[in-house]
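Undergrad: just need the structure, nothing else, for what follows:
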Amino acid sequence: MTLARVTLVAGELSGDLLGAGLMRELRARHPNVEFRGIGGPCMEREGLESRFPLETLSVMGLVEVLKHLPELVRVRRTLFEETLNWQPDVMIGIDAPDFNTGLELKLRRAGIRTVHYVSPSVWAWRQGRVKKIARAVDAMLTLLPFEADFYQRHRVPVAFVGHPLADEMPLANDRLAARRALALDEQAPLLAVLPGSRANEIRFMGATFLDAIETLCQRYPALGVVIPAATPARHQELAALLEEYPALEERVTLIQGRAREAMVASDAVLLTSGTAALEAMLCHRAMLVAYRMAPATHWLAKRLVRTRWISLPNLIAQEALVGELIQDEASLDAIVEQLDALLGDAPARAALEQRFAELHATLMRDASRRAALAVEAVAAGRALPEETPNG
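TA: Numbers count the residues shown, from 1 in each chain. Just a heads-up that it's a prediction; the model follows:
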């Protein structure tokens, strides 16, 4: 079957990148295909006619969502009507589950085939959403293998396509080259510290991380520390915080961005949870996850979240490879103790690096091509592609 028209709806910049990769693959296979929907600059460069700005759907937090709800309802109604009139071969919702699942459900009921690309965290909380997802989509495309297992158990057609980050990052990396690129000591032990990309993460963990660094520098006289700030605002906040630690002036290198280089250069990584933990795993570096949140948020999360771990390396491996210190457990003493153990045990770090390289390989599957094959199958009304022996 030749694809002529495809609707894609992305809700944020990460979805824009995924959508652009998928569009490139689809156009390579179907040169005359047309794309409409919602996307950002990357998808527009690949030929998407975006009916609304990407920022329309980039609304975070309950209060903000409620404030923008009338506009979001109007956008979804307009997009539904335009898509129904255009009659695409398939509609692809990319992440943004609260917006896309409702749109997918209405379109599927109207006879349009639908695909959702990037699973919501339904395996962790609000598992009842899987019933609506089953009604809304002809296929779910997941980035991670344990997500696919969840949908298989709930009899939702699913394809594990792999993670684009794993495709992007090399299976072999060079610690020495990364140190040279960042002008860091080539021989000394090195700790990379990623305190988070949000202001609240710096507020909750910044001082504790620096206290831990100060203690570790006393135990390891040659220890170097590199802190890549996620944004200019975080750089400014961290620089101000570091002024309160004059003993660290010669030991800490604060840089703007370049987090992956910093992690590759390091012997171990201290970070808050999130995508950074996945990136550290794909850099094949031993790590400790330490995270605090507002007490009310933690109280609610404990009652809603149904998963043994919060960090993606542990979830992917389905075993406790990475230390996790959450809320009250993320104390100065606990952080220092676990990092001391990592820094002092080179064989354990080497074993973790090997394990992470193996997990990296399982995620390195040419995700955009696999996603394109699955989209083609759905559009043609065929079963999803079978797994090949080599993954």
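
Undergrad: can you pull out the strands in the stretch 151-300 of the chain?
TA: For the stretch 151-300 of the chain, the strands defined by DSSP state E, counting those that start in this stretch occupy 158-160, 190-194, 224-229, 252-256, 268-271, 286-291.

Undergrad: could I get these as a markdown table with distance to residue 346?
TA: C-beta: built from backbone N, CA, C; applies to glycine. Formatted as a markdown table, those follow (distance: least, C-beta to C-beta, whole Å):
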| stretch | distance to residue 346 |
| --- | --- |
| strand 158-160 | 34 |
| strand 190-194 | 13 |
| strand 224-229 | 16 |
| strand 252-256 | 22 |
| strand 268-271 | 10 |
| strand 286-291 | 10 |
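
Undergrad: and those as JSON lines, adding mean pLDDT, distance to residue 55 and mean neighbour count?
TA: As requested, these are exported to JSON lines (pLDDT from 0 to 100; distance: least, C-beta to C-beta, whole Å; neighbours: other C-beta atoms under 10 Å):
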{"stretch": "strand 158-160", "mean pLDDT": "96", "distance to residue 55": "30", "mean neighbour count": "24"}
{"stretch": "strand 190-194", "mean pLDDT": "97", "distance to residue 55": "26", "mean neighbour count": "26"}
{"stretch": "strand 224-229", "mean pLDDT": "96", "distance to residue 55": "24", "mean neighbour count": "24"}
{"stretch": "strand 252-256", "mean pLDDT": "96", "distance to residue 55": "24", "mean neighbour count": "16"}
{"stretch": "strand 268-271", "mean pLDDT": "96", "distance to residue 55": "28", "mean neighbour count": "26"}
{"stretch": "strand 286-291", "mean pLDDT": "94", "distance to residue 55": "28", "mean neighbour count": "26"}
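
Undergrad: hang on, isn't residue 40 packed against residue 57?
TA: No: contact between residue 40 and residue 57 fails when scored by C-beta atoms under 8 Å: they sit 10.2 Å apart.

Undergrad: mutual contacts of these two, please.
TA: In the contact map built from C-beta atoms under 8 Å, 6 or more residues apart in numbering, the residues linked to both residue 40 and residue 57 are residue 10.

Undergrad: tell me where the stretch 1-150 of the chain has helices.
TA: For the stretch 1-150 of the chain, the helices identified by DSSP state H, counting those that start in this stretch occupy 13-29, 41-45, 62-86, 97-109, 129-136, 145-153, in order along the chain.

Undergrad: rank those by pLDDT, which is bottom?
TA: Per-stretch mean pLDDT for the helices of the stretch 1-150 of the chain is lowest at helix 62-86 (a mean of 78).

Undergrad: flag every buried residue along it.
TA: The neighbour-count check on helix 62-86 (16 or more other C-beta atoms under 10 Å) flags 72, 75-76, 79-80, 83 as buried.

Undergrad: now do stretch 178-185
TA: Neighbour-count burial for stretch 178-185, counted by 16+ other C-beta under 10 Å, picks out 178-179, 182, 184.

Undergrad: tell me the mean pLDDT for it?
TA: Over the span of stretch 178-185, the pLDDT mean works out to 96.

Undergrad: how far away from the center of its chain is stretch 187-196?
TA: For stretch 187-196, the distance from its own C-alpha centre to the chain's C-alpha centre is 21 Å (C-alpha atoms, centre = their mean, to the nearest Å).

Undergrad: alpha carbons of it, as CSV, please.
TA: Provided in CSV are the C-alpha atoms of stretch 187-196 (Å, rounded to 0.1, in the frame of the first residue of the first chain):
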residue,chain,number,x,y,z
GLN,A,187,43.9,10.8,35.1
ALA,A,188,42.0,11.9,38.2
PRO,A,189,38.8,10.3,39.3
LEU,A,190,35.8,12.3,38.0
LEU,A,191,32.2,12.6,39.2
ALA,A,192,29.6,14.1,36.9
VAL,A,193,26.7,15.8,38.7
LEU,A,194,23.4,16.5,37.0
PRO,A,195,21.1,18.3,39.5
GLY,A,196,18.2,18.7,37.2
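
Undergrad: for it, give me every contacting residue.
TA: Under C-beta under 8 Å, 6+ apart, the answer for stretch 187-196 is 179, 184, 201-202, 205-206, 209, 213, 216, 220, 222-228, 230, 234, 238, 259, 262-263, 265-272, 274, 276, 280, 285, 339, 343.

Undergrad: thinking again about what came up before, nearest to residue 356, out of the strands of the stretch 151-300 of the chain?
TA: Each of the strands of the stretch 151-300 of the chain has some distance to residue 356 by C-beta to C-beta; the shortest is strand 286-291, at 8.3 Å.

Undergrad: packing partners for that closest one?
TA: With contacts defined as 3 or more C-beta pairs under 8 Å, 6 or more residues apart in numbering; DSSP states H and E, strand 286-291 has these neighbours: helix 199-219, strand 268-271, helix 275-282, strand 323-326, helix 332-343, helix 346-363.
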